[in-house]
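Engineer: with the input below, show me the fold.
(one chain, ligands or ions: 2)
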Amino acid sequence: MSTTMCNLAPPLVPVKRLEPMQMPVIDFSKLHQTSKSRSLVIREIATACRDIGCFQVINHGIRKSVMKGALEVASEFFESSPKSKAKFISPDITKPVRYNCSNDGLSKSRSLLKHYAHPLDEWIHFWPQEPPSYREKMGKYAVEIRRVALDILDAIFQSLGLHQAYIREKLEQGMKFLAVNSYPQSTKPGVTVGLAPHSDYDFITLILPSCPGLEVMDHHTKSWKTVLQPSDAIHVHVGDHLEVLSNGIFRTLVHRAVLNSERSRVSVASIHGFPMDEKVKSAGELVDEEHPKLYRESSFKDFLDFLLSRRNNNESYIESLRISTI
Ligand SMILES: O=C(O)CCC(=O)C(=O)O
Ligand SMILES: [Fe+2]
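Structural biologist: Ligands and ions are numbered 1, 2, ... in the order given. Alright, predicted model coming up:
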């Protein structure tokens, strides 16, 4: 097949009914009830991160109307006029607000609106104004999902026995952006990949989808599993920087999005990490003679530089950080 054809046609994967990923659905309200229920939830989260790299949360306190509002304005943005979207188009991946609707290797058949979302006051003025309620509705979701993410990260770091204050401080100042994704309905028989397999660079990613389409790579069987998500649940998975910080106790989750055969799909992925230039390194508490440091330190800025320099190389970011132990 010629390279041109490769670039134009989203890859077809043989039709095969995938098994759903068996993952815990965690009742988040129990995190703040008694110290006993908190300990149990922390243990559930840590086990999920260690064994499968993902879980779902319910009773997280984000109102249904806020989740619905975010998905609605996401769809409306992608349906808005080409002119209103065009002003966000840029080949520069370092832009704080960026719209991309071309096949960039990772996006096979996906349009992406990416925007920084914390501190919200600093960035919201750059967000789309079409539809007119975009800033208000996506802004509400951005604030609420960040609260959930910080609570989950607190629980994860507590399970690892790490100093909360330093990490909390860095996360307070931290890098958070929203990747708002749009995928067309699949029109072909078989499975069409909309977003190619990848892992996220961050600590954790939280995903709110409008319908099924997310698939995750099972750590144990190395096979794809589909993600079934109750409508008010949020999907959470481990990213590269959590693998680094935990010195490999938790492993980043490879995932992809396939096109839904019944409808078009939008998803809002919220990405959480340290500030742009802050290096993430394997926590000192988790490194000793028996557990040598497995990763090089790196920041979000280093990740962007990696993407810019990679172009023709298939190495993933986490692979580029692994220290050879041979
Ligand atoms: O659309 C999805 O479910 C996945 C999105 C995703 O992986 C991303 O934005 O990094
Ligand atoms: Fe992702």
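
Engineer: what number of residues lie near whichever residue of the stretch 51-200 of the chain sits closest to ligand 1?
Structural biologist: Nearest to ligand 1, among the residues of the stretch 51-200 of the chain, is Ala179, at 3.7 Å (C-beta to the nearest ligand atom). No exception for glycine: its C-beta is placed from N, CA and C like everyone else's. Neighbours of Ala179 under the rule other C-beta atoms under 10 Å: 18.

Engineer: repeat for Thr192
Structural biologist: For Thr192, using other C-beta under 10 Å, the count is 22.

Engineer: begin at 42, not 1, for the rest of this chat.
Structural biologist: Taking 42 as the first residue, the last one we looked at is Thr233.

Engineer: before we move on, back to that, which of the three states applies to the residue of the stretch 92-241 of the chain closest to ligand 1?
Structural biologist: On the three-state scheme (DSSP: H, G, I helix; E, B strand; the rest coil), Ala220 is labelled strand.

Engineer: OK, contacts around it?
Structural biologist: Leu153, Leu154, Lys155, Val309, Ala310, Ser311, Ile312 (C-beta atoms under 8 Å, 6 or more residues apart in numbering).

Engineer: what about Arg176, helix or strand, and which?
Structural biologist: Element membership of Arg176, judged by DSSP states H and E, is helix 175-200.

Engineer: which is the next helix or strand following that helix?
Structural biologist: For helix 175-200, the following helix or strand on the C-terminal side (DSSP H and E) is helix 205-213.

Engineer: any regions of the protein where pLDDT drops low?
Structural biologist: Judged by pLDDT under 70, the chain has its weakly predicted residues at 42-57, 352-353, 366-367.

Engineer: can you tell me how far the residue most central in space within it is from Ile165?
Structural biologist: Nearest to the mean C-alpha position of the chain, by C-alpha atoms, centre = their mean, lies Thr246 at 3.2 Å. Going from Thr246 to Ile165 by C-beta to C-beta, to the nearest Å gives 21 Å.

Engineer: ok, now Asp318?
Structural biologist: According to C-beta to C-beta, Asp318 stands 23 Å off from Ile165.

Engineer: neighbour count: the two, which is higher?
Structural biologist: Comparing Asp318 with Ile165 by other C-beta under 10 Å, the one with more neighbours is Ile165, at 17 against 10.

Engineer: touching, that one and Arg176? I think so.
Structural biologist: Yes: if you go by C-beta atoms under 8 Å, Ile165 and Arg176 touch, sitting 5.4 Å apart.

Engineer: which of the contacts of Ala220 has the most neighbours?
Structural biologist: Within the contacts of Ala220, neighbour counts (other C-beta under 10 Å) peak at Ser311, which reaches 27 neighbours.

Engineer: coming back round to it: for the residue of the stretch 92-241 of the chain closest to ligand 1, which residues count as its bridge partners?
Structural biologist: Beta-bridge pairing for Ala220 (DSSP bridges): Lys155, Ala310.

Engineer: for this structure, what spans make up the helices?
Structural biologist: Remark: helices assigned in the chain by DSSP state H are 44-49, 76-92, 105-120, 123-127, 161-164, 175-200, 205-213, 281-286, 341-351, 358-362.

Engineer: any idea which of these is most buried?
Structural biologist: Mean neighbour count, computed with mean count of other C-beta atoms under 10 Å, is highest for helix 281-286 among those, reaching a mean of 27.

Engineer: other SSEs contacting that helix?
Structural biologist: On a contact count with 3 or more C-beta pairs under 8 Å, 6 or more residues apart in numbering; DSSP states H and E, helix 281-286 meets helix 358-362.

Engineer: gap between the helix it packs on and the chain center?
Structural biologist: Put simply, helix 358-362 sits 17 Å off its chain's centre (C-alpha atoms, centre = their mean, to the nearest Å).

Engineer: touching stretch 356-367 from outside, list them.
Structural biologist: Counting by C-beta under 8 Å, 6+ apart, 239-240, 242, 281, 284-285, 293, 333-337, 339, 344, 347-348 sit against stretch 356-367.

Engineer: which one of those is nearest to His204?
Structural biologist: Val285 (16.4 Å; C-beta to C-beta).

Engineer: pretty sure that closest one sits against Glu338.
Structural biologist: Yes: using C-beta under 8 Å, Val285 is in contact with Glu338, at 7.5 Å.

Engineer: shared neighbours, the two?
Structural biologist: Val321, Lys322, Ser323.

Engineer: export the residues you listed to a markdown table and tack on neighbour count?
Structural biologist: Putting the shared contacts of Val285 and Glu338 into a markdown table (neighbours: other C-beta atoms under 10 Å) gives the following:
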| residue | neighbour count |
| --- | --- |
| Val321 | 26 |
| Lys322 | 15 |
| Ser323 | 23 |
